[in-house]
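Novice: Quick one: sequence plus predicted model below, questions after.
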Amino acid sequence: ALGGPIKLYFDARGAVSNLRVVSQEEDDSEPVHGEVKLHVGAVGLNFRDVLNVLGAYPGDPGPPGGDCAAHVAATGGGVG
């Protein structure tokens with residue numbers, strides 16, 4: 001079992017089976033002005049993510065799992 005922070009990751013496009021959960025380094029830094037630090041509790045895999053993993057999404061969709069449920073852990077200045 002993975003302990004601590006995790007992320008969705010794939011190293012090759014072409015099949016949804018290439019998508020896996022891997023450990024992620026803990027980020028102990030404080031947010032800077034305009035940033036918010038989130039503690040994510042759940043991640044959604046949507047159709048855009050599936051197309052991304054399959055290599056069928058036009059352009060750069062970003063990393064998979066961008067849709068999430070989280071709580072705000074810390075805020076930088078100017079966030080309110």
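Specialist: Right, received. Where do you want to start? Numbers count the residues shown, from 1 in each chain.
Novice: Pull out the buried positions in the lowest-mean-pLDDT helix or strand in the chain.
Specialist: Lowest by mean pLDDT, DSSP states H and E among the helices and strands of the chain is strand 6-9, with a mean of 86. By 16 or more other Cβ atoms under 10 Å, the buried positions in strand 6-9 come out as Leu8. For glycine as for every other residue, the C-beta is placed from the backbone atoms N, C-alpha and C.
Novice: Could you list every helix and strand that that strand packs against?
Specialist: strand 20-23 (3 or more Cβ pairs under 8 Å, 6 or more residues apart in numbering; DSSP states H and E).
Novice: just checking, what packs against the very next helix or strand once past the strand it packs on?
Specialist: Using DSSP states H and E, the helix or strand that follows strand 20-23 in sequence is strand 36-44. If contacts are counted by 3+ Cβ pairs under 8 Å, 6+ apart, strand 36-44 sits against strand 67-75.
Novice: Give me the contacts around the least confident helix or strand of the chain.
Specialist: Here strand 6-9 makes contact (Cβ atoms under 8 Å, 6 or more residues apart in numbering) with 19-24, 43, 45, 49, 63-65.
Novice: okay, that strand in CSV with CA atoms only?
Specialist: Output of strand 6-9 as CSV, limited to C-alpha atoms (Å, rounded to 0.1, in the frame of the first residue of the first chain):
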residue,chain,number,x,y,z
ILE,A,6,0.1,10.0,-4.3
LYS,A,7,-0.7,11.0,-8.0
LEU,A,8,-2.1,9.5,-11.1
TYR,A,9,0.8,8.8,-13.6
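Novice: That strand: partners in the sheet, and parallel or antiparallel?
Specialist: strand 20-23 (antiparallel) (DSSP bridges).
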